[in-house]
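Q: Sequence first, predicted coordinates after that:
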Amino acid sequence: MKCINKFCKRFLCAVVVSSMALNLCACSGSSYAVPYSIKSTDYSESGGQRLKTFASDLCVTNSDIGNSLTLTENTCCGLFDMGKKETLYALNAQSQLDPASLTKVMTAIVALKYGSLDQILVADEKVYINEAGAQKINLSAGDSMTLEQALHILLLYSANDVALLIAENIGSSIENFVDMMNEEAKAIGATKTHFMNPNGLTQEDHYTTVYDMYLMFNEALKYEKFSQIIRMSNYTTQYHTSGGDMKEVTVNNTNGYLNGNCEMPAGITVLGGKTGTTAAAGHCLIQLAADTSGNEFIAVIMRAEDTNTLYNEMSNLLLEITN
């Protein structure tokens, strides 16, 4: 099993178990703990059994990779080849950062894992958002919609009140849902991540890294509904108000490549993603893209200083695919 960086090849060594002893082979002298038990489905080689390592199907990086881009001082980024399991570019990918609304990727994972798309979510007074400038659809206590409707509004429009609606209904409480988010992050290896809320509004001790965002987005793409939603340019639906009326809402994708505000780089198709912006986090974007052969990549830019910088640097990062 191995995962190879573009500029520095590293091998994740095989774990071979005999009936008498457990021998761990680790790269560069470092130890590696395997969180998997031996199963009959693990294949044999030379009479022993080999276990699948945790990162055998993931890109890995612990250091900066590549230096061909000119990025602003605060920008952190990563570019990951999903087919070859290579980290093509990384800058400060392990630095602790405020994720803003990229948080909602994990909100969607937990909702899809523990909820059902036809589940009815009912708002209470906890959905009210008072923070100035926060994205919302102005839900009121007693309003209701399905989880499927809520996920569209969450991922396309990044509505913060809808994130609270999802958390309260799927987790029984917002606090419990956030605990579920943190447990899920640990389970997929995002060990440098800690959430304090389900929407990404600025809060102390709420953080992640570029690399952890790659892990979370990669996990989210395993859900067909997530992959479907992030590719949409807009969405229109009707939900029930507390008074029994139907209220129509239309939302547009906040991703500049998907809503037509930004031109995709030559030879690259942006398939979908998630944006995030707060004063503390700067401008952030994680997305799925493909080259002309259909090979797919995850690209992350975090802490860009403004919208123009975000998309200029994202386009330059994506062009590394064709270089």
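A: Alright, I've got the coordinates.
Q: Could you spell out which stretches of the protein belong to which domain?
A: 1-57, 76-96+262-319, 100-252 (automatic domain parsing).
Q: Make TSV from those domains and add distance to Asn67 and mean neighbour count to it.
A: (C-beta placed from N, C-alpha, C; glycine too.) Converted to TSV, these look like this (distance: least, CB to CB, whole Å; neighbours: other CB atoms under 10 Å):
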stretch	distance to Asn67	mean neighbour count
domain 1-57	9	12
domain 76-96+262-319	9	20
domain 100-252	16	19
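Q: Ile65 is nearest to which of these?
A: domain 76-96+262-319 (4.3 Å; CB to CB).
Q: Can you give me the first-to-last residue distance of the closest one?
A: The first residue of domain 76-96+262-319 is 16 Å away from its last residue (CA to CA, to the nearest Å).
Q: can you give me the mean pLDDT across it?
A: Averaged over domain 76-96+262-319, pLDDT sits at 97.
Q: That one: how far from the chain's middle?
A: Centroid separation for domain 76-96+262-319 versus its chain: 12 Å, with CA atoms, centre = their mean, to the nearest Å.
Q: what does stretch 93-108 give?
A: Averaged C-alpha coordinates place stretch 93-108 at 7 Å from its chain's average position (CA atoms, centre = their mean).
Q: do stretch 157-169 as well
A: Here stretch 157-169 is found 17 Å from its chain centre; the criterion is CA atoms, centre = their mean.
Q: need the domains of the chain in CSV with distance to Gly66, can you?
A: Putting the domains of the chain into CSV (distance: least, CB to CB, whole Å) gives the following:
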stretch, distance to Gly66
domain 1-57, 6
domain 76-96+262-319, 4
domain 100-252, 13
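Q: Lowest average pLDDT across these?
A: Among the domains of the chain, domain 1-57 scores lowest, with a mean of 40.
Q: now the helices: where do they sit in this protein?
A: For the chain, the helices defined by DSSP state H occupy 103-114, 147-152, 160-170, 174-187, 210-220, 224-230, 307-319.
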